[in-house]
Structure formats: structure tokens, C-alpha cells
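Colleague: Provided below are the primary sequence and the corresponding predicted coordinates.
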Amino acid sequence: MWNKVPFTLMPVLMVVCMVLVAVFWWNVFCPKGGISSTMSPQMIVLGKGLDFASDCCAQFRAYMQTHKETNNTMKSWTVGAICLGPSRNEQGGHKFLNLKTGREIHWRNWDEMNIPKDIIDRVNQHPCGVKLSFTHV
């Protein structure tokens, strides 16, 4: 997953969420030689299966314009954000890294867009970033 990220530096929040997304996907499928050949570890422990409509509609690290609640004013209705993965709560939605504040937000409405170069540069200049190494050990 890390080799498809267009950033050379990632905020700590993105690194933590990248690990959580990897663990989520690891636990969705039945392991060969596991306890059950028909039930995933996630289904056994949490009682939740994979919901394609809510879990598979946005990819980690994708650039999105998230829709804020509207109140019929001239205030901006969208926020530029990077997808951090599914929220996995009853309401659905996904977690995003708000590019204005650097904090995690949860939204159910968004539009995926191509990631512009200035957004990549902004993420690479994050003050609490972790440098990514693309060398194999």
C-alpha cells in the first residue's frame, strides 16, 4: 500500500490510518488454514462482514472534496481532504485528513478528484511528517 502513495513524507495520522486499513483488509478475508473456512476473523470477532457499498467506495490516500453540511449561505461547502479509510461505524462514511486543519474528519459525502501537485507538496511539507523509505531490506 505504501508504494502507491504519491507522498515522500506522510503525517503521523496517515501512517496510523494506513496500518489500520491494512489490518482491516487482512481481517476481512478467511486465512488459509484458519479457524473457519467460511467466516473471516472480522466476522468471528466483531460479527461484521464486508459491506461493499460502504467499505469499498473510497481508496486510502485518494484526494477528495468532502461535502460539509449546507445552510444556504455563501460559506464554502467543500473541504479538500485525503481519504484515511472507512469509519466502520453504524452511520457509515469514511475518515479523511482535512488539508486545512490537519485533523481527522468523518463524512459520508465526497467527490474523488485527481490529486494536484500542490496538494502533494502541501502533504510533503506537513510539520509532523514521517519520511517514507522506498528501499527494500
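Modeller: That came through, no problem.

Colleague: partner strands of the lowest-mean-pLDDT helix or strand in the chain, parallel or antiparallel?
Modeller: The helix or strand with the lowest mean pLDDT-type score in the chain, counting by mean pLDDT, DSSP states H and E, is strand 129-131 (a mean of 72). The sheet places strand 129-131 alongside strand 9-11 (antiparallel), with pairing taken from DSSP bridges.

Colleague: hmm, who's touching the strand it pairs with?
Modeller: Met18, Leu97, Gly102, Val123, Asn124, Gln125, His126, Cys128, Gly129, Val130, Lys131, Leu132 (CB atoms under 8 Å, 6 or more residues apart in numbering). (Glycine included, C-beta is placed from N, CA and C.)

Colleague: buried sites along the helix or strand Asp121 falls within?
Modeller: Assigned by DSSP states H and E, Asp121 belongs to helix 117-124. If you call a residue buried by 16 or more other CB atoms under 10 Å, then helix 117-124 has these buried ones: Ile119, Arg122, Val123.

Colleague: So which of those is the closest to Tyr63?
Modeller: Within those, the smallest distance to Tyr63 is 5.8 Å, found for Ile119 (CB to CB).
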